[in-house]
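> Provide a 3D model corresponding to the input given below.
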Amino acid sequence: MNSPTRRSTLTIALCFIVALIEGFDLQAAGTAAAGLRQAFALDPRMLGWVFSAGIIGLLPGAFFGGWIADRIGRKKILIGAVVLFGVFSLCTAYVESYASLLLVRFMTGLGLGAALPNLIALCAEAVSERHRGSAISVMYCGVPLGGALAAVVAMFTGDHWQTTFIIGGLAPLLVVPLMVLWLPESHAFREQRALPAGGRASTAQALLGEGRGRSTLALWLSYFFTLTVMYMLLNWLPSLLVGQGFSKPQAGMVQMLFNIGGALGSLLGGVLLDRCNGVRVVLFVYAGLLSALAGVGLSVGIVPMAVAGFAAGLFVMAAQLVLYALAPPAYPTAVRATGVGAAVAIGRLGSVAGPLAAGQILAAGAGTTGVLLATSPGLVIAAAAIITVIMRAPSARKASSERVSA
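Numbers count the residues shown, from 1 in each chain. From the prediction side, this is the model:
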């Protein structure tokens, strides 16, 4: 009745639902931007701060959500995070001042940030190492699908922008009772809790101790540069295409294909990692991403641009999924959520840096080609860094098992 297979299926299914809602809430402010601008009389700078408030909340949410989860449990923190972003997404529909709007968006981001490292840790610990990448991929493909749902809701609700935030707030609160009843706590975490308290590490020890320092820094580099490119594309792709002479409807179509490619890439990255050599997967995914970016910069017709946009979405999301799948095994159970949370937080710094850097490069007159060329060195660094994590993984696992035996 309560078999390991049933627990794994329940965990992945419930985490997928949470990821779907998270993707919806992550995109909610963007899809409701026109309504927010009119309701609060926002100029572009003020609207930018509304978006930034949510992103800023993601950083401490990701780090502290993972850190606390290693102490009291992944399930408890995930449920708390879902309640947090549900309540404050709902509040977004009813606030009446600009200051209150910034506060509720920050608090929503805090909850969204705390949820992700625990979703990754729960899925990683629900299955065997052989199926870890696939489990995380299935869960995370909910995020782009949730973003697509937010766009559909915004399309049908028109000027009633509050509806997006009401749905984004009620949905997580309705899922919480299901999580309380049916989401199993990580079996690996429960086993770890049975060990003496002295075996638990401080944050610095968790991230840098016992030979993990190089892997941690390599993960941080990979997360930072990969998410820099991902969020640059999410925010600037339509504007870059219009700047290249494409019409707004054409740019919108390419953006849609970018998101469809992202949903497929979220499955592709983990499945490939489970079935193929990790180094080859990384080389294939990052080479594909670099080629897709070159296609975006050089394509002159709508058909090749549509192909390039689809490929860019597919490969950038596949790269992100490879990183999400490779972070959990880099840390032992006792500090896994802390390690994953810290890496996700560093990635969120990249999500802030990417759009800002693209804006500065465009302002300097470099154009679309200049923006895309500027991202290439970072992606090469990201690929090289994550390959070092893969190469170190067998020796790290051996050292960990020797310490447990001792």
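
> which element is Thr338 on?
helix 336-363 (DSSP states H and E).

> what about the helix or strand hosting Val380, average pLDDT?
For Val380, the host element (DSSP H and E) is helix 367-405. Taken as a whole, helix 367-405 has a mean pLDDT of 75.

> just to revisit the earlier point, tell me what the helix holding Thr338 is packed against?
helix 44-72, helix 98-126, helix 203-208, helix 213-243, helix 367-405 (3 or more C-beta pairs under 8 Å, 6 or more residues apart in numbering; DSSP states H and E). C-betas here are computed from N, CA, C, even on glycine.

> between these, which one is closest to Val282.
helix 367-405 (5.5 Å; C-beta to C-beta).

> tell me the secondary structure for Glu96?
Following DSSP: H, G, I helix; E, B strand; the rest coil, we place Glu96 in the coil state.

> do you know how far it is from Val104?
Distance of Glu96 to Val104, computed by C-beta to C-beta, to the nearest Å: 11 Å.

> so which of those two has more stuff around it?
Legend: neighbour count by other C-beta atoms under 10 Å for Glu96 and Val104, higher for Val104 (23 against 8).

> ok, the residue lying closest to Ile346 once chain neighbours are set aside - how many residues close by?
Nearest residue to Ile346, sequence neighbours excluded (C-beta to C-beta, 6 or more residues apart in numbering): Trp220, at 4.3 Å. By the measure other C-beta under 10 Å, the count of residues near Trp220 is 19.

> got it, and Asn235?
18.

> in space, what's closest to it - neighbours in sequence excluded?
Nearest non-adjacent residue to Asn235 (C-beta to C-beta, 6+ apart): Pro355, at 4.2 Å.

> so which bits of whatever helix or strand Leu323 lives in are buried?
Assigned by DSSP H and E, Leu323 belongs to helix 302-326. For helix 302-326, burial by neighbour count (16 or more other C-beta atoms under 10 Å) applies to 302, 305-326.

> stretch 70-78 too?
Per 16+ other C-beta under 10 Å, stretch 70-78 contains these buried residues: Asp70, Gly73, Arg74, Lys75, Ile77, Leu78.

> got the end-to-end distance for it?
12 Å (C-alpha to C-alpha, to the nearest Å).

> who touches that stretch?
With contacts defined as C-beta atoms under 8 Å, 6 or more residues apart in numbering, stretch 70-78 is touched by 18, 65, 68-69, 114-115, 118-119, 121-122, 125, 179, 183-186, 189, 200, 206, 334-338.

> quick one: average confidence on stretch 265-279?
Here the average pLDDT along stretch 265-279 is 89.

> do stretch 106-125 as well
Mean predicted lDDT for stretch 106-125 stands at 94.

> can I get the CA coordinates of that stretch in CSV?
Taking C-alpha atoms only, stretch 106-125 is exported to CSV below (Å, rounded to 0.1, in the frame of the first residue of the first chain):
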residue,chain,number,x,y,z
PHE,A,106,8.5,40.6,-2.6
MET,A,107,6.7,38.2,-0.3
THR,A,108,5.4,36.2,-3.2
GLY,A,109,8.9,35.9,-4.5
LEU,A,110,10.1,34.8,-1.1
GLY,A,111,7.7,31.8,-1.1
LEU,A,112,8.4,30.9,-4.8
GLY,A,113,12.1,31.0,-4.1
ALA,A,114,11.8,28.7,-1.0
ALA,A,115,9.7,26.2,-3.0
LEU,A,116,12.1,25.3,-5.8
PRO,A,117,15.1,23.8,-3.9
ASN,A,118,12.7,21.6,-1.9
LEU,A,119,10.9,20.5,-5.1
ILE,A,120,14.3,19.5,-6.5
ALA,A,121,15.4,17.8,-3.3
LEU,A,122,12.2,15.9,-2.8
CYS,A,123,12.2,14.6,-6.4
ALA,A,124,15.9,13.7,-6.3
GLU,A,125,15.4,11.8,-3.1
